[in-house]
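K.L.:
Structure of the sequence below:
(2 chains)
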Amino acid sequence: MKKQKDLKKQKRLQGATIGALALAIVFMAIGFAAYTQTLNINGTANVDLASWNVHFDSTKDPVTSSGSQTVTKTSYTGTTLAFSCSLTAPGQFCEFTIDVVNEGTFDAKLTKVTLSGISTAQAKYLTYKLYYNGATTPYTATTTVSNATTLAKKSGTTPGRHTVKVRVDYIQPSSASDLPSSAVTVSPKAVLDFTQQ
Amino acid sequence: MKKSASSNKRKRRSIQKRLGAQWVALLGLVVATLGMAVGFAAFTKTLNISGTASVEKAVWSVRWDPDSFYEEGYVDTTAHSISDSSMTFQCTLSLGDVCGFDLDAINEGTFDAKLTSFTISGPTTAQQQYIAVRMFSYNGSSNLSWSTDGTYGTKINYGTTNVSSSNLRVSKMSGSTAGRLWFEIDAAFIQAENVNNMPTTNQNISITISFKFDQV
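P.N.:
Numbers count the residues shown, from 1 in each chain, chains lettered A, B, ... in the order given. So this is what the prediction gives:
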């Protein structure tokens, strides 16, 4: 009798758990269903497998700007670009442009730019800037982006495309004592976070 | 009794079987739920740019070169001292005497520099009538000179004189060779235009010449 009671208890527990899971799945399925419905309203008759695919266009080399010191890519993948350049005197700069492409089926947007790698002392003779999507005002520090232009999803065979321009300037500090007294290797970094639009 | 016991056993087995199947179904649901949750979470992407910028040292270093000091041979200085940014001298003059010396400014920095102005100060208005300051330099192609009495080159007044931007440059360090700019500085005890302006007692006259160099 006791065993039968235990079994009944287990059954009730299972029933409750299944009910809760089923409810959760129904709610999540509604989310998917809404998404599917949106595609239908847009007249997309044949929907490819949905994909989230934002990455650097590593098929194109970084384009060095006119007047810039030579910029060398040391590695370039879909999500990572490493570069090196040499600045021998104040007034010189390294600048290059790369593309971010959206080959997925969701619109994307830039939500955060994180700039790091330059110390306070180095910042007196170096500036580090990142221009996104042709903007004339650069990001010069870590910034949460609230108004970035949508990086459109792939349309036919054409991916959405935005430019990212990176610039490092060797500037003349206001005080000569702030200049580097020996050769310095600086490792500027930028991290771009994208989320689904 | 036996029949009833056997029936109960079968029922229990059946329930246990069903429970087993339900646990498998539950597990499947959990996996499905987690999968959907992962699906939602995957819609972000982080792209990284990392760079290495090699920055060579830079120095702004324009200073006097004490080794370049050279008496011009008129009236020697009775004392002088030279540091990186200042030079002081003393000399005793009788009417008509000139105390003069050569001194080079050198550039050991990584920026080309130019003399943009110089300022002569010190003598009072009365002393300016009989003390003349004369300055000479060479810009690589021609001699340049200035004097408060108009004896040589451009006549200037005490105070600040601006120098044409292209005239006097001192090149940055090239290899182990510093850029160099030669100056001759003369102080002369001259006859004042009005004899009443001549000193009636011995005078200690301080003359300061400040040279302003800027980055080219």
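K.L.:
domain ranges for chain B?
P.N.:
Domains of chain B are assigned by automatic domain parsing as B:1-50, B:62-215.
K.L.:
Looking at these, which is nearest to chain A?
P.N.:
With respect to chain A, and counting by Cβ to the nearest Cβ, the nearest of the domains of chain B is domain B:1-50 at 3.8 Å. For the C-beta atoms, the positions are set from N, CA and C on the backbone; glycine is no exception.
K.L.:
pLDDT (mean, whole number) over that closest one?
P.N.:
Domain B:1-50 shows a mean pLDDT of 66.
K.L.:
Where does the prediction get shaky in chain A?
P.N.:
A:1-4, A:22-48 (pLDDT under 70).
K.L.:
domains for it, by residue range?
P.N.:
With automatic domain parsing as the reference, chain A has domains A:1-47, A:54-196.
K.L.:
any idea which of those domains is most buried?
P.N.:
Mean neighbour count (mean count of other Cβ atoms under 10 Å in any protein chain shown) peaks for domain A:54-196 among the domains of chain A, with a mean of 16.
K.L.:
So which residues of chain A form helices?
P.N.:
All helices of chain A, identified by DSSP state H, fall at A:2-41.
K.L.:
now the helices for chain B?
P.N.:
In chain B, the helices defined using DSSP H lie at B:2-41.
K.L.:
ok so, going back, for residue A:69, which of the domains of chain B is the nearest?
P.N.:
In terms of Cβ to Cβ, the element of the domains of chain B nearest to residue A:69 is domain B:62-215, at 15.7 Å.
K.L.:
Any residue of that closest one touching chain A?
P.N.:
Yes: residues of domain B:62-215 contacting chain A under Cβ under 8 Å from any Cβ of the partner chain: B:110-111, B:215.
K.L.:
gap between the residue sitting nearest the centre point of chain B and chain A?
P.N.:
Residue closest to the average C-alpha location in chain B (Cα atoms, centre = their mean): residue B:60, at 4.4 Å. As judged by Cβ to the nearest Cβ, to the nearest Å, residue B:60 and chain A stand 4 Å apart.
K.L.:
how about the nearest residue to that residue, chain neighbours excluded?
P.N.:
residue A:176 (3.6 Å; Cβ to Cβ, 6 or more residues apart in numbering or on different chains).
K.L.:
My read is that that neighbour contacts residue B:110, right?
P.N.:
No: checked against Cβ atoms under 8 Å, the pair residue A:176 and residue B:110 is beyond contact range at 10.4 Å.
K.L.:
Which residues are in contact with each of these two?
P.N.:
Contact criterion Cβ atoms under 8 Å, 6 or more residues apart in numbering or on different chains; residues shared by residue A:176 and residue B:110: B:59-60.
K.L.:
ranges for the strands of chain A?
P.N.:
All strands of chain A, identified by DSSP state E, fall at A:54-56, A:63-64, A:71-76, A:80-87, A:93-102, A:108-116, A:126-132, A:143-144, A:160-170, A:184-186, A:189-196.
K.L.:
again with chain B
P.N.:
B:44-55, B:62-71, B:79-82, B:87-90, B:98-107, B:113-121, B:131-138, B:143-147, B:154-155, B:159-162, B:169-170, B:179-189, B:208-215.
K.L.:
Present these as TSV; the columns should include mean neighbour count.
P.N.:
Below are the strands of chain B laid out as TSV (neighbours: other Cβ atoms under 10 Å in any protein chain shown):
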stretch	mean neighbour count
strand B:44-55	19
strand B:62-71	16
strand B:79-82	13
strand B:87-90	16
strand B:98-107	21
strand B:113-121	18
strand B:131-138	20
strand B:143-147	16
strand B:154-155	11
strand B:159-162	12
strand B:169-170	20
strand B:179-189	20
strand B:208-215	15
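K.L.:
Out of those, flag the one nearest residue A:186.
P.N.:
With Cβ to Cβ, the closest approach to residue A:186 among these belongs to strand B:44-55: 4.5 Å.
K.L.:
Strand partners (parallel or antiparallel) of that closest one?
P.N.:
Applying DSSP bridges, strand B:44-55 is found paired with strand A:80-87 (parallel), strand A:184-186 (antiparallel), strand A:189-196 (antiparallel).
K.L.:
ok, residue A:111 - contacts?
P.N.:
A:144-145, A:148, A:193-195.
K.L.:
switch the cut-off to 7 Å
P.N.:
The contact partners of residue A:111, taken as Cβ atoms under 7 Å, 6 or more residues apart in numbering or on different chains, are A:145, A:193-195.
K.L.:
ditto for residue A:51
P.N.:
A:104-105.
K.L.:
First-to-last residue distance for stretch B:170-182?
P.N.:
The straight-line separation of the ends of stretch B:170-182 (Cα to Cα, to the nearest Å) is 9 Å.
K.L.:
chain center to that stretch, what's the gap?
P.N.:
Taking the mean of its C-alpha atoms, stretch B:170-182 sits 16 Å from the chain's own mean (Cα atoms, centre = their mean, to the nearest Å).
K.L.:
now do stretch A:178-187
P.N.:
With Cα atoms, centre = their mean, you get 29 Å for stretch A:178-187.
K.L.:
Alright, I will stop here.
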